[in-house]
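Asks: only geometry, no sequence info:
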């Protein structure tokens, strides 16, 4: 099965999500979206596949969100997508795409519903939270 993760290696949630994917025995296609941002068609397709409002994909913390006034309801979805394309840091992450669906995986455990294979062993998040036990079962 093909798995793609839109990843930011500086983000703990993104790293944990990647770890859970790998713990299922899969090696995903990793797109570091800050270096290789999606084009408009791809970003709009991802949003549609997730079935979420465009605003739900906007990241506020550590971005120019406030500076650009993106909390103002005057911005259309098309305009918000344009801002994300101009400033990819505004795209919340990680986004994971598999044959089972597409999700914004916040928290990282959201990815478990998208993985075709079970977890193959224990997994502990970077913050020390145990997510998967030694038998590969969710805690």
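Replies: Good, I have the coordinates. Everything numeric here is computed off the predicted structure, so don't read it as measured data. Numbers count the residues shown, from 1 in each chain.

Asks: Next, the buried residues of the helix or strand hosting residue 18.
Replies: Taking DSSP states H and E as the definition, one finds residue 18 inside helix 12-23. By neighbour count with 16 or more other Cβ atoms under 10 Å, helix 12-23 contains the buried residues 13, 14, 15, 16, 17, 18, 19, 20, 21, 23. The way it works is simple: take the backbone N, C-alpha and C, and place the C-beta from them, glycine included.

Asks: what's the spacing between the nearest residue to residue 132 once chain neighbours are set aside and residue 134?
Replies: Spatial nearest neighbour of residue 132, excluding adjacent residues (Cβ to Cβ, 6 or more residues apart in numbering): residue 123 at 3.9 Å. Remark: distance between residue 123 and residue 134 (Cβ to Cβ, to the nearest Å) = 10 Å.

Asks: neighbour count winner among those two?
Replies: residue 123 (23 against 8; other Cβ atoms under 10 Å).

Asks: wait, what's in contact with that one?
Replies: 19, 20, 23, 130, 131, 132 (Cβ atoms under 8 Å, 6 or more residues apart in numbering).

Asks: hang on, the earlier thing: let me see the mean pLDDT of the helix holding residue 18.
Replies: On average, the pLDDT along helix 12-23 is 98.

Asks: I'd like to know which elements it is packed against.
Replies: strand 4-7, strand 123-124, strand 130-132 (3 or more Cβ pairs under 8 Å, 6 or more residues apart in numbering; DSSP states H and E).

Asks: Next, the distance between the ends of stretch 111-130.
Replies: Across stretch 111-130, the terminal residues are separated by 15 Å (Cα to Cα, to the nearest Å).

Asks: Revised request: answer the last question for stretch 57-76.
Replies: Stretch 57-76: ends 14 Å apart by Cα to Cα.

Asks: Chain neighbours aside, what residue packs nearest to the residue most central in space within the chain?
Replies: In the chain, the centroid-proximal residue (Cα atoms, centre = their mean) is residue 94; its distance is 1.7 Å. Leaving aside its chain neighbours, residue 94 sits nearest to residue 14 (4.2 Å; criterion: Cβ to Cβ, 6+ apart).
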